[in-house]
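>>> fold the stuff below for me.
(one chain, ligands or ions: 2)
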Amino acid sequence: MREKKEIRILAIESSCDETAAAVVRNGREVLSNVISSQIELHKLYGGVVPEIASRKHVEKINQVIQAALDEAHVSLQEIDAIGVTYGPGLVGALLVGVAEAKAIAYAKKLPLVGVHHIEGHISANYIEHSELEPPFLCLVVSGGHTHLVCVKEYGKYEILGKTRDDAAGEAFDKVARAIGLGYPGGPKIDRLAKKGNPQAISFPRAHVADAPLDFSFSGVKSSVLNHINACKMKQVAWDQADIAASFQKAVVDVLVEHSMQAVEKYKMDRFAIAGGVAANSGLREAMKAACAKKGVAFYYPSPIFCTDNAAMIGVAAYYEYMAGTRHGLDLNAVPNLKLGER
Ligand code: KG4
Ligand code: ZN
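Ligands and ions are numbered 1, 2, ... in the order given. Predicted structure coming up:
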């Protein structure tokens, strides 16, 4: 019998403020996962500065790719395809990864597979759950997106609900800035919330009329700002931990409620979470309990695979590659790429 060929994908991710490269074998096995974070740089400005992000990607990308190959103990000669995030994201940041991927694909005559960033986040769940296969539902919660997605098959997605305004991660970052925690806000609120009382302040849980699976987080964010202004006017100190705990609870409650509505409506017995906010301990616990109550299997990636990384892009690229997706050397960055678009 002929030995089954192994497929090794070199994946590149540069859509925001992480320069990342990874080598993934047969779609599920991460041989290396190298991430160069720019957080310290952007902290000074309270958020990601797009031009600084692009410049840093240019500076770091070759070293990060070399490190990913070294860590995986493979050379470029042993790579079967190049996977790269080509949208959505910051255009200047995406262009660095896309140009790099095209240069390697051209020089080494390798197939090029462009990947949707959100498809990458969803695919992060395949890394540590070998039994997970479509169909399943996935809540994608990141700095730029809040989507409830039905993963019908590998590479086939239906968006069941999404945010009408701020993404969940964006709300975490803005609230963190308002209460003086700085950037990046999500992990800081997560930590502080453990010390606060989630019932201390009643923040709103928004529902969108006629679209029960959609989200809206601008109201809860404004409500936190109003609470702070009221404290300032009354010249009383606000309790950072109570605000963090009450805000996080308000966001988590809505995310869990809508997710469980979707599970019921679409009669799914598998539910996954993905994206940076999926690293949130409050969300993970609440979702685990809600899924257990409904007898639904719950999947979540380790925190390192929740936030931006290239391993998840390698996994998504593998399934796209196996389905025959190939991009030409005219591949461009698409900052507002829609999920399911080619
Ligand atoms: O997926 P990601 O790394 O980048 C995007 O694709 O946007 O997500 C980053 C977002 C940020 O808004 C960050 O504050 C949030 O994920 N985040 C968290 C946590 N870790 C990261 N939010 C809440 N709790 C966390 N532990
Ligand atoms: Zn992301």
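
>>> every contact and neighbour count from this point should use C-alpha atoms.
Fine.

>>> for the protein, longest helix please?
Looking across the chain with DSSP state H, the single longest helix is helix 240-265.

>>> kindly state the beta-bridge partners for G114.
V84 (DSSP bridges).

>>> quick check, it in contact with T85.
Yes. With contact defined as CA atoms under 8 Å, G114 and T85 form a contacting pair (5.8 Å).

>>> sorry, back to before: distance between the longest helix of the chain and the chain's centre?
Relative to the chain's own centre, helix 240-265 is displaced by 18 Å; criterion: CA atoms, centre = their mean, to the nearest Å.

>>> near ligand 1, which residues of this protein are found?
Counting by CA under 6 Å from any ligand atom, the positions of the chain adjacent to ligand 1 are 142-144, 169-170, 172-173, 184-187, 190, 275-277, 279-280, 307-308.

>>> which ones among those residues lie within helices?
Among those, DSSP H puts G169, E170, F172, D173, G185, G186, P187, D190 in helices.

>>> now pLDDT, distance to S222 and neighbour count too, for these, in a markdown table please.
Compiled in a markdown table, those are given as follows (pLDDT from 0 to 100; distance: CA to CA, whole Å; neighbours: other CA atoms under 10 Å):
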| residue | pLDDT | distance to S222 | neighbour count |
| --- | --- | --- | --- |
| G169 | 96 | 15 | 23 |
| E170 | 95 | 13 | 24 |
| F172 | 97 | 12 | 29 |
| D173 | 95 | 13 | 24 |
| G185 | 93 | 16 | 23 |
| G186 | 96 | 17 | 27 |
| P187 | 97 | 20 | 18 |
| D190 | 98 | 19 | 21 |
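
>>> could you find the two of these that are most distant from each other?
Spanning the widest gap among those are E170 and D190, at 14.0 Å by CA to CA.

>>> returning to that earlier point: by contact count, what packs against the longest helix of the chain?
The helices and strands touching helix 240-265, judged by 3 or more CA pairs under 8 Å, 6 or more residues apart in numbering; DSSP states H and E, are helix 168-178, helix 185-193, helix 218-233, helix 281-294.

>>> which one of the ones you listed is the most hemmed in?
helix 168-178 (a mean of 23; mean count of other CA atoms under 10 Å).

>>> quick one: list the elements packing against that helix.
Against helix 168-178 (3+ CA pairs under 8 Å, 6+ apart) you get helix 185-193, helix 218-233, helix 240-265.

>>> do that again at 7 Å, thanks
Using 3 or more CA pairs under 7 Å, 6 or more residues apart in numbering; DSSP states H and E, the elements in contact with helix 168-178 are helix 185-193, helix 218-233.

>>> kindly provide the distance from the residue sitting nearest the centre point of the chain to G120.
Nearest residue to the geometric centre of the chain (CA atoms, centre = their mean): G275, 2.6 Å. Look at G275 and G120: by CA to CA, to the nearest Å, they are 9 Å apart.

>>> so where do the strands sit in this structure?
Along the chain, the segments classed as strands by DSSP state E run 8-13, 18-25, 29-37, 81-87, 112-116, 136-141, 146-153, 156-162, 270-274, 297-299.

>>> stretch 322-340 - what's its average pLDDT?
Averaging pLDDT along stretch 322-340 gives 96.

>>> ends of it, what's the gap?
16 Å.
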